[in-house]
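[1] Have a look; sequence and predicted model below, questions after that.
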Amino acid sequence: MLSIVVLISGTGSNLRALLEASADAEYPARVIAVGADREAPGLAHAEEFGIPSFTVPFSSYDSREAWGAALLEQIRVWNPDLVVLSGLMRLLPPNVVEALTPNIINTHPAYLPEFPGAHGVRDAIRAGVEQTGASIIVVDNGVDQGPIIVQERIPVLPGDTEHELHERIKPVERRLLVQTVLDIANGLDLGALSTRRLPATIKE
């Protein structure tokens, strides 16, 4: 059984999708703890499902490195097989990434390498593109630059607002994340992905 620690900053919709999936006895992964860098509303999902949670407030530390060291200490308490960044709006310090690699993945609401960073949906709207997407990647020390595990295209409709487009991306992100965790539990080698950048898996 694959054990997972999920890290969040916000409402935790991807977290909830994983919690619902892992409630199925046949799903070969379990969320064992949820962490946050602030008092995130998504922690309520962990409470609802009876999952332990912890908070390591970024504002309580003098530097990103000090915060990262405290976060890593909390993660190591649980000794997870996989760490999932699910809307964690904080760049992890290199020492944290190096300690967890390659067993750390992230979701992103764009078709990477297009529109990396915190405003991928807004940037797609402003660029006037006809399609964007959702991606799952292995985390590295870049900003949304890690090896791509899977991604899927999503059309940008005429007149789309940032909110409307994001609401259409979210279900795809959740589906890809649940499937990716299943694939990892069934033997997908993240280490092999991390040794080279692979072409994206395009699903029409």
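    Received, thanks.
[2] going forward, measure contacts and count neighbours with C-alpha atoms only.
    Fine.
[3] could you pull out the strands for this protein?
    Assigned by DSSP state E, the chain shows strands spanning 2-8, 29-36, 53-55, 82-85, 104-108, 131-138, 148-155, 202-203.
[4] Rebuild those as CSV, extending it with mean pLDDT, distance to L193 and mean neighbour count.
    Converted to CSV, these look like this (pLDDT from 0 to 100; distance: least, C-alpha to C-alpha, whole Å; neighbours: other C-alpha atoms under 10 Å):
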stretch, mean pLDDT, distance to L193, mean neighbour count
strand 2-8, 97, 18, 24
strand 29-36, 97, 20, 24
strand 53-55, 97, 30, 18
strand 82-85, 97, 15, 24
strand 104-108, 96, 11, 24
strand 131-138, 97, 8, 23
strand 148-155, 96, 7, 21
strand 202-203, 34, 16, 10
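[5] okay, now the domains of this protein?
    Per automatic domain parsing, the domain ranges recorded for the chain read 1-100, 109-204.
[6] Hmm, D37 is touching S60, no?
    No. With contact defined as C-alpha atoms under 8 Å, D37 does not count as touching S60 (9.8 Å).
[7] Show me which of the two is the more surrounded one.
    Counted by other C-alpha atoms under 10 Å, D37 and S60 do not tie: D37 has more neighbours, with 22 against 11.
[8] And that one, what's its pLDDT?
    pLDDT, D37: 96.
[9] try V121
    The model's pLDDT for V121 equals 97.
[10] repeat for G142
    Reported pLDDT for G142: 87.
[11] just to revisit the earlier point, export the strands of the chain to TSV and tack on distance to E167?
    Converted to TSV, those look like this (distance: least, C-alpha to C-alpha, whole Å):
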stretch	distance to E167
strand 2-8	18
strand 29-36	23
strand 53-55	26
strand 82-85	19
strand 104-108	13
strand 131-138	12
strand 148-155	11
strand 202-203	19
